[in-house]
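Colleague: whatever this is, show me its structure:
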Amino acid sequence: MTPLLSRIGTALLLLAVFVPAALWAPAWLWAILMAGVVGLAAYEWARLSHFPPLTARAYAVLLALCALALPYVLTAEWPLFQTVLILLAIAFWLLVAPLWLLGRWQAPRAFVRAAIGVVVLLPTWAALLYLQARGPAVLLGVMAVVWIADTAAYFSGRFFGRHKLAPAISPGKTWEGVAGAFVALTLYVSALSLWGALPFRPLFLMVSGLLYLSVLGDLFESWIKRVSGMKDSGDTLPGHGGVLDRIDALTSTLPIATGMLMWLERST
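Modeller: Okay, the predicted model is just below:
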């Protein structure tokens, strides 16, 4: 099987599992599934950070257990803690991550890498719970932004890519790929506006911001892999690499999309 067919086949299999879970899984089952995703991604993050094998497993188990237990341990305080996680992610992705890439920081200390892994993964998990609780259409509508952007960027970059986006960070990404993602998302917003009776301009601005964040999340993980001397975060998903490779753009987009939704809910 060619790499392209392997990539497409894995993507279809993931959609066949993820979409029904998002549509019909009860909240408790969804929480368990997403805790599992956090655990797998945390293990890969620990490998990228060159943690010893036992430490990497302990780190992954600890984050997965936190994801399982926090809503039930905190009970009434959980919504506040969830908001704090989202605000932490917003600060990281809007302020720290761009400076990190501009400064080519390597952050070799294990404590720093462990802390950044928490900041990257736990807010993503909190956002997945929050968005799914608002309805599958909300969750899938937001995630579709990343899926469409990723797919369009891959194919437009593959066929038309000439100008490197950030060669020192990720040589495979091109401006043509970003342009293809922008065109595809413009069509997506137009379709939502036409058939979903949603206002075009604010939706277009929001989706454009999420496109920037998806690229930022992708580049951030690419830089971490480059510093670590690894091509992929893992080999769990044929054609895609590891779980972290598959969700890198979601780690930056979902928490901020959730923050936008929280703000809209509180302002109306």
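
Colleague: low-confidence stretches in this structure?
Modeller: Where the chain drops to pLDDT under 70, the residues are 1-7, 235, 237-240, 268.

Colleague: contacting residues around the residue most central in space within it?
Modeller: Nearest residue to the geometric centre of the chain (C-alpha atoms, centre = their mean): residue 250, 1.5 Å. Residues in contact with residue 250, defined by C-beta atoms under 8 Å, 6 or more residues apart in numbering, are 124, 143, 146, 214, 217. Glycine gets a C-beta too; all of them are placed from N, C-alpha and C.

Colleague: other SSEs contacting the longest helix along the chain?
Modeller: Assignment by DSSP state H gives helix 200-228 as the longest helix of the chain. Packing partners of helix 200-228 (3 or more C-beta pairs under 8 Å, 6 or more residues apart in numbering; DSSP states H and E): helix 27-48, helix 97-103, helix 136-160, strand 164-166, strand 170-174, helix 175-195, helix 243-267.

Colleague: what's the helix or strand hosting residue 129 in contact with?
Modeller: Taking DSSP states H and E as the criterion, residue 129 maps to helix 110-133. By C-beta under 8 Å, 6+ apart, the residues outside helix 110-133 that reach it are 22, 27, 30-31, 34-35, 37-38, 41-42, 45-46, 49, 51, 55, 59, 63, 66-67, 71, 82, 85-86, 88-89, 92, 107, 138-139, 142, 247, 250-251, 254-255, 257-258, 261-262.

Colleague: relative to residue 109, how far out is residue 222?
Modeller: Computed as C-beta to C-beta, to the nearest Å, the residue 222 to residue 109 distance reads 21 Å.

Colleague: can you check residue 97 too?
Modeller: Residue 97 is 18 Å from residue 109, by C-beta to C-beta.

Colleague: got it, and residue 30?
Modeller: Going from residue 30 to residue 109 by C-beta to C-beta gives 35 Å.

Colleague: the more surrounded of those two?
Modeller: residue 30 (19 against 10; other C-beta atoms under 10 Å).

Colleague: what residues are up against residue 217?
Modeller: Applying C-beta under 8 Å, 6+ apart to residue 217 gives the contacts 93, 97, 248, 249, 250, 251, 252, 253.

Colleague: dump the residue contacts of the closest residue to the fourth one other than its chain neighbours.
Modeller: The spatial neighbour of residue 249 that comes closest, neighbours along the chain excluded (C-beta to C-beta, 6 or more residues apart in numbering), is residue 214 at 3.8 Å. For residue 214, the contacting residues are 145, 146, 149, 150, 181, 249, 250, 252, 253, taking C-beta under 8 Å, 6+ apart as the criterion.

Colleague: want to throw these into a markdown table with distance to residue 133?
Modeller: Shown next, in a markdown table, are the contacts of residue 214 (distance: C-beta to C-beta, whole Å):
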| residue | distance to residue 133 |
| --- | --- |
| 145 | 19 |
| 146 | 19 |
| 149 | 24 |
| 150 | 25 |
| 181 | 28 |
| 249 | 22 |
| 250 | 17 |
| 252 | 21 |
| 253 | 18 |
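
Colleague: let's see if you can find the most crowded of those.
Modeller: residue 252 (30 neighbours).

Colleague: isn't it up against residue 211?
Modeller: No. In this structure, residue 252 is not within contact of residue 211 by C-beta atoms under 8 Å, at 10.8 Å.

Colleague: follow-up on the earlier one: now, which of the contacts of residue 214 sits nearest residue 172?
Modeller: Nearest to residue 172 among those, counting by C-beta to C-beta, is residue 150 at 12.9 Å.
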